[in-house]
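# below are the sequence and a predicted model for it; my questions follow.
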Amino acid sequence: MTLSHKRDGMPLLLLLLFPLAEIATFIVVGGAIGVVRTLALVVVSAVIGIIVLRDAGAMTALKLQRQRGNPVTILAEGGSRMLAGVLLLIPGFLTDIAAVLILIPALRRLLFAKLASAGTAPVRGETEQPSKIIDGDFRRLDTEK
């Protein structure tokens, strides 16, 4: 099996281009509104990220405890909100834009639908047949030697 050296380098190239794009965005925004305001925006977005991350975890746990809705959907929404919180914590405006897009419910549902159609996430309402085999170890405690 031979792989093209051009395809193998694409993720590495994207990994290198993303920080450069973030730096370019910092320069453009800093030139437009000033350095102090740019740094203030970065700090504010990090604080908002902490709040989103904390609240997403708490709300997900609360919804799971109260058993309101499909657990898979609850976990997917909570995980996406946590991802948005982490993206807000990362300094940069491109990651902030991605986080805001994830936090919009209609776009989040569209993302879930795309993932479900790709086969990487369960489809809403789909039930999986439980397995009758339980794997585990055991030890008898009622026998004396």
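Done, it's in.
# count of residues packed around Pro30?
To be clear, residue 30 is Gly; Pro isn't right here. Counted by other Cβ atoms under 10 Å, the residues lying close to Gly30 total 15. Quick note: C-beta positions are derived from backbone N, CA and C, even for glycine.
# helices or strands up against the longest helix seen in the chain?
In the chain, ranked by residue count with DSSP state H as the criterion, the top helix is helix 35-66. Here helix 35-66 touches helix 10-33, helix 71-89, helix 93-103, going by 3 or more Cβ pairs under 8 Å, 6 or more residues apart in numbering; DSSP states H and E.
# who touches stretch 98-113?
49, 52, 76-77, 80-81, 83-85, 87-88, 121, 124 (Cβ atoms under 8 Å, 6 or more residues apart in numbering).
# so Lys63 makes contact with Leu75?
No. Using Cβ atoms under 8 Å, Lys63 is not in contact with Leu75, being 9.3 Å away.
# now Gly49, nearest residue through space, not along the chain?
Leu88 (2.9 Å; Cβ to Cβ, 6 or more residues apart in numbering).
# what about the one you found, how many residues nearby?
What Leu88 shows, counting by other Cβ under 10 Å, is a neighbour count of 26.
# next: Ala116.
15.
# can you add pLDDT and give the contacts of stretch 98-113 back as a markdown table?
Formatted as a markdown table, the contacts of stretch 98-113 follow (pLDDT from 0 to 100):
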| residue | pLDDT |
| --- | --- |
| Gly49 | 95 |
| Val52 | 95 |
| Ala76 | 87 |
| Glu77 | 88 |
| Ser80 | 92 |
| Arg81 | 93 |
| Leu83 | 94 |
| Ala84 | 95 |
| Gly85 | 95 |
| Leu87 | 95 |
| Leu88 | 95 |
| Ala121 | 47 |
| Arg124 | 51 |
